[in-house]
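[1] Generate coordinates for the sequence data below:
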Amino acid sequence: MHFIAIGGAGMSGVASGFLARGAHVSGSDQHDSEILAELAREGATVWVGHDPSHLENVDTVVVSSAVHEDNPELAEARRLGLPILHRSLALASLIGCRAAICVAGTHGKTTTSAMCVAGLAHAGDPSYVIGGTMLDTGTGAHIGTCCAFIVEADESDGSFLQYPTQVAVITGIDADHLDNWGTPEHYAEGFEAFATGDSVGLVILDADNEGARKLGEKLRTQGRSVMTYGETEGCDVRLSDVSLNGFTSQALLTYGDWSAQLRVNLPGVHNLHNAAAAFCVGEVLETDRDEVVKDLASFHGTARRFQRVGEAGGITVIDDYAHHPTEVAATIAAARAVAGQGRVIVCFQPHLFSRTKIFADDFGTALARADQTVVLDVYPAREEPIEGVTGELVADAVRDHGGRVRYVPDIDDAADVLAGMAAPGDLLLTVGAGSVTTLGPVLLKRLEV
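    Okay, the predicted model is just below:
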C-alpha cells in the first residue's frame, strides 16, 4: 500500500494501522517530519517529495482529500490503473468487524477520541486511529486485541459517512468547512446522515451545544437511541460544580444515582465536556465507572491541544490547534485560568482562505478577548488564494471588536514582535492549524536572550 501525503495527521494513523496488521507500507510527503521518521521506525518506506517511481511494485494507493489531481504519483496511479482508495475507505477496511466508536463534531474530536482510549485503559486493549499524537502513548494509532475500535471521524469532506459506525459521538455542530458543504444547513444535514447510518445503534452528544441538541431532539422523535452529556439539567450524564484551577479542571459528574469527582489535567470547561463524552463511551461498553474516572485523571492530552512548549524569562508558551472561532474562544477562556494575573497574548494564524473569508468577524470577536493579539497571514493548506482575503481581515475584525492587535504577515517576523510584547507572568499562545506550531521553540530561544 502506498500513501500519498503519508505525513498528514489522518493519513499517518491509517498507515501505522496497516503496518501493525503486517501490510507492506510506503508513502511520500512534501515535507520531512518526525511523523515520517516514526513511520520509518515502524517499518514503512518513506520519501520526501512525490515521484512516479515510488509506485513500483505497489498494489493499492491511498489518498486524502488534500491530494490534488495533478500530483505526479496520483497521475501515475491512474495511468497504471491501480486501485485508489480514499483514506476513509482504507480506514473502514482497517476497522473490519470491530465495534466502531466514531467521534465526530466540529470541535474536540481529537481530544475526545484520545480520552475514549484513555478511559478504556483498565478494560482492555482497544484499537484506535485519531488525528493527533497521544502524549501518553506517543502515537495516534494502535491495533489492539479487544473488540472496540475508536475512530476520529472527520466531517470536513464527508468521509465520516464511510465508517461502519456503531456508536456515534458528536461533540458539537457549528458551521464549518463550507467550502465543501456549501451552507450551514447542509453541514448539519451531514451530521444527521452520520447519526442515522444503518449500523448506528446509539448516538452520544453534547446537549449544551445547540446544533447537537437539536439533532438529538430530532433523533428521539424518530425513535433512535440517544445519550446526552453536559451541564444542562436533564442530561443523562451531567456536569456540575465546575472548578478551573490552572492546568487542572474538575466537576461533579452524575449519572443516575451514581456520582464522582471528575478531574482532568487539561484546562477549560470544554475538556470536562470531552471527558464526559468518554465516560459515556465507557458506560456503553459496560466498563467500571470509577475506573474510567480514574483513567481520565491520568490522561495528559494530545499534541497541539493546549500543549505546553516551555517557559523562559517567566513567560509560558503554549501551542494549540484551534482554527475555528468557537475553538479559539474556548482556548483563550482556558488560558485565563492558567495565566492568573498575567496577560494572555495570542499569535493566531488563520487557516484556509475560505474559512478566513467566512468567519473573519467571528475570529475578531474571539481574539478580542485576549489582552494582545498578533495575526499572521493565512496558511493556505490545500487552497488557492482568494482575492482580497488575507490575515488583515481578521486583524481588522479584532480591532473592530475592541481588541489590541498587530498584523504581522510574515511568520519569520513574529517571534521578535511577540518577544518584545511579553513580560514575566504572561501566557503566550501560538494558535492555528498551520505552520504557526513551529513558532513556539523559536520564541523560547528569543525569550531566553
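[2] Quick check: which element contains the residue positioned nearest the centre of the chain?
    Closest to where the C-alpha atoms of the chain average out (Cα atoms, centre = their mean) is Thr110, at 4.0 Å. Counting by DSSP states H and E, the element that carries Thr110 is helix 109-119.
[3] After that helix, which helix or strand is next?
    Next in sequence after helix 109-119, counting helices and strands by DSSP H and E, comes strand 127-129.
[4] Domain map for the protein?
    What automatic domain parsing lists as the domains of the chain is 2-89, 96-297, 307-448.
[5] Tell me who's in contact with Val192.
    Let me fix one detail, which is that residue 192 is Glu and not Val. Leu215, Lys218 (Cβ atoms under 8 Å, 6 or more residues apart in numbering). Glycine gets a C-beta too; all of them are placed from N, C-alpha and C.
[6] How about His54?
    Contacts for His54 (Cβ under 8 Å, 6+ apart) come out as His2, Ser26, Ser28, Trp47, Glu73.
[7] do Lys357 as well
    Ile386, Val389, Leu393.
[8] List the contacts of the last one.
    Taking Cβ under 8 Å, 6+ apart as the criterion, Leu393 is in contact with Thr356, Lys357, Ala360.
[9] isn't the first one right up against Val378?
    This points to Thr356. Yes: counting by Cβ atoms under 8 Å, Thr356 sits close enough to Val378 to count as a contact (5.2 Å).
[10] At which residues are the strands of the stretch 201-350 of the chain located?
    Using DSSP state E, counting those that start in this stretch, the strands of the stretch 201-350 of the chain run over 202-206, 226-230, 237-245, 248-255, 258-264, 307-312, 315-320, 344-348.
[11] quick one on the thing from earlier: TSV for the contacts of His54, including pLDDT?
    Output for those, formatted as TSV (pLDDT from 0 to 100):
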residue	pLDDT
His2	97
Ser26	97
Ser28	95
Trp47	96
Glu73	96
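[12] Which of those residues ranks first by neighbour count?
    Neighbour tally across the contacts of His54 (other Cβ atoms under 10 Å): the maximum, 27 neighbours, falls on His2.
[13] Touching, that residue and His24? I think so.
    No: at 9.5 Å, His2 does not count as touching His24 under the criterion of Cβ under 8 Å.
[14] on that earlier part again, now intersect the contacts of Lys357 with the helices, please.
    Leu393 (DSSP state H).
[15] ok, of the contacts of Lys357, which one's closest to Thr248?
    Leu393 (36.4 Å; Cβ to Cβ).
[16] circling back: hey, what's in contact with both of Thr356 and Val378?
    Pro350, Val389, Thr390, Gly391.
[17] Chain neighbours aside, what residue packs nearest to Arg289?
    Spatial nearest neighbour of Arg289, excluding adjacent residues (Cβ to Cβ, 6 or more residues apart in numbering): Trp258 at 6.2 Å.
[18] For Phe247, see how far away the one you found is.
    Using Cβ to Cβ, to the nearest Å, we find Trp258 at a distance of 27 Å from Phe247.
[19] These two - which one has more neighbours?
    Phe247 (17 against 10).
[20] Does that one touch Leu266 like I think?
    Yes: with contact defined as Cβ under 8 Å, Phe247 counts as touching Leu266 (6.9 Å).
[21] picking that back up, and the residue nearest to Arg289, what are its bridge partners?
    Beta-bridge pairing for Trp258 (DSSP bridges): Tyr255.
[22] how near is it to Asp410?
    According to Cβ to Cβ, Trp258 stands 54 Å off from Asp410.
[23] With Pro184 instead?
    33 Å.
[24] and these two? which has more neighbours close in?
    Using other Cβ under 10 Å as the criterion, Pro184 and Asp410 rank with Pro184 on top: 15 against 8.
[25] which parts of stretch 398-414 are buried?
    Residues Val398, Arg399, His401, Gly403, Val405, Arg406, Tyr407, Val408, Ile411, Ala414 are the ones in stretch 398-414 that count as buried (16 or more other Cβ atoms under 10 Å).
[26] Distance-wise, check Gly7 relative to Glu34.
    Distance from Gly7 to Glu34, by Cβ to Cβ: 9 Å.
[27] picking up where we left off before, among Thr356 and Val378, which residue is more densely surrounded?
    Between Thr356 and Val378, Val378 has the larger neighbour count (other Cβ under 10 Å), namely 27 against 23.
[28] before we move on, the earlier item: the residue nearest to Arg289 touches Asp288, doesn't it?
    No: with contact defined as Cβ under 8 Å, Trp258 does not reach Asp288; the gap is 11.4 Å.
[29] Dump the contacts of His54 to JSON lines, plus distance to Ala195 and secondary structure.
    Output for those, formatted as JSON lines (distance: Cβ to Cβ, whole Å; DSSP: H, G, I helix; E, B strand; the rest coil):
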{"residue": "His2", "distance to Ala195": "34", "secondary structure": "strand"}
{"residue": "Ser26", "distance to Ala195": "36", "secondary structure": "strand"}
{"residue": "Ser28", "distance to Ala195": "36", "secondary structure": "strand"}
{"residue": "Trp47", "distance to Ala195": "40", "secondary structure": "strand"}
{"residue": "Glu73", "distance to Ala195": "36", "secondary structure": "helix"}
